[in-house]
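Asks: Structure of the sequence below:
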Amino acid sequence: MLSRPHGGAKIDLSSVKLTYLRSPNVDLTERIQAGLSEKGIDLKAAEVPPGEHQIRVSVQDSDGRISNAVFELNVAK
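Replies: This next block holds a predicted model:
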């Protein structure tokens, strides 16, 4: 789920950026565009290799507030 805006602001979907944290980092933003909406990111046919993957999500609301979160995605074999 994306960060929730405050005080009536709306998520600026054009500001959403997804980055796979590895060396070098991989920008996943273009790959998630089709599944991006105000409700979050929904990718029905995503393929991810087994293992632990750290992902950073950056988003801005219509009032200019920026939020970042890092989460770990664990994919079983």
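Asks: Report the separation between residue 41 and residue 59.
Replies: Separation of residue 41 from residue 59 (C-beta to C-beta, to the nearest Å) stands at 10 Å. Using the backbone N, CA and C atoms, a C-beta is placed for each residue, glycine as well.
Asks: Please say which of the two ends up with more neighbours.
Replies: residue 59 (20 against 17; other C-beta atoms under 10 Å).
Asks: Need the three-state assignment for the more buried one.
Replies: strand (DSSP: H, G, I helix; E, B strand; the rest coil).
Asks: Mind listing the residues bridging to it?
Replies: residue 67 (DSSP bridges).
Asks: Give me the pLDDT value at it.
Replies: In this model, residue 59 is scored at 92, pLDDT.
Asks: Low-confidence stretches in this protein?
Replies: 1-6 (pLDDT under 70).
Asks: Show me the strands in it, by range?
Replies: 11-20, 26-27, 36-37, 40-41, 51-61, 66-75 (DSSP state E).
Asks: could you say what helices and strands the fourth one packs with?
Replies: It stands for strand 40-41. Applying 3 or more C-beta pairs under 8 Å, 6 or more residues apart in numbering; DSSP states H and E, we find strand 40-41 packed against no helix or strand.
Asks: Return the distance of it from the chain's centre.
Replies: 7 Å (C-alpha atoms, centre = their mean, to the nearest Å).
Asks: same check, this time on the third one
Replies: Averaging C-alpha positions (C-alpha atoms, centre = their mean) puts strand 36-37 10 Å from its chain's average.
Asks: what residues does it touch?
Replies: Outside strand 36-37, the residues that touch it by C-beta atoms under 8 Å, 6 or more residues apart in numbering are 13, 16.
Asks: Now do the contacts for residue 21.
Replies: Here residue 21 is in contact with 54-56, 70 (C-beta under 8 Å, 6+ apart).
Asks: Please check these and keep the buried ones.
Replies: For these, a burial check counting by 16 or more other C-beta atoms under 10 Å picks out residue 55.
Asks: Residue 15: which of the contacts of residue 21 is nearest?
Replies: Among the contacts of residue 21, residue 56 lies closest to residue 15 (C-beta to C-beta), at 13.6 Å.
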